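Enquirer: model the structure of this input:
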Amino acid sequence: MSKAVNKTEDDIVRLSQAMDALAKLIISKQKDGSQLQVEYKHKLKELEKVINLVLSLNDSAGTSVMDANGLDTMLRNGIEVLERDDRRYALIPIKPKEEGDSTDTPRDAASKKSNKKKKNKIKCSFCHQPGHTRARCETRLAQPPKE
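Expert: Residues are numbered from 1 along each chain as shown. Predicted coordinates:
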């Protein structure tokens with residue numbers, strides 16, 4: 001009877017080890033899947049920035065932006081390719097830009113950054129003019145050094 005109990009305990013230990021290994025494998029696969037999903041979303045966002053930049057170059061009024069949901073669906077189902085004049089073109093879904101659309105083109109983002117740039121209010125301790133320090137004062141640097 002003690003052999004049967006020992007065998008049952010060994011079976012339980014082996015089963016427990018197998019379940020542990022399986023659980024670890026499932027967790028690692030879930031991490032891999034979530035990492036791939038994060039990378040996919042990041043790449044889609046970068047692609048959206050590039051396409052919106054190209055659209056803004058073509059459309060100076062900035063009335064069109066890329067349809068990210070449409071592109072996501074298209075990437076999953078296959079990209080439609082159009083052939084014209086012996087050249088192949090991939091079609092990208094775009095939509096009219098809405099008033100409250102937070103998607104900024106890089107040009108818009110750069111102009112917002114320059115608008116927010118802080119004016120230099122530092123006054124020089126040598127000539128008392130704003131915009132530079134004593135170390136960069138042209139008036140002081142133009143004078144010959146005192147001996």
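
Enquirer: distance of Lys45 from Leu71?
Expert: 11 Å (C-beta to C-beta, to the nearest Å). Heads up, the C-betas are built off the backbone N, CA and C, glycines and all.

Enquirer: neighbour count: those two, which is higher?
Expert: Using other C-beta atoms under 10 Å as the criterion, Lys45 and Leu71 rank with Leu71 on top: 18 against 10.

Enquirer: helix or strand for that one, just tell me which one.
Expert: Here Leu71 sits within helix 68-77, counting by DSSP states H and E.

Enquirer: let me see the mean pLDDT of stretch 44-56.
Expert: For stretch 44-56, mean pLDDT is 82.

Enquirer: flag the shaky bits of the chain, pLDDT-wise.
Expert: Where the chain drops to pLDDT under 70, the residues are 1-2, 59-62, 99-120, 147.

Enquirer: hmm, try it at 90
Expert: Applying pLDDT under 90 to the chain picks out residues 1-13, 15, 23-84, 86-123, 126, 129-147.

Enquirer: hey, where'd the helices end up in it?
Expert: Here the chain has its helices, by DSSP state H, at 2-58, 68-77, 106-116, 138-142.

Enquirer: of all those helices, which lies closest to Asp85?
Expert: helix 2-58 (18.6 Å; C-beta to C-beta).

Enquirer: give me the angle between the closest one and helix 68-77.
Expert: 120 degrees (axes from the mean of the first three to the mean of the last three C-alpha atoms, to 10 degrees).

Enquirer: from the contact counts, what lies against helix 2-58?
Expert: strand 64-66, helix 68-77, helix 106-116 (3 or more C-beta pairs under 8 Å, 6 or more residues apart in numbering; DSSP states H and E).
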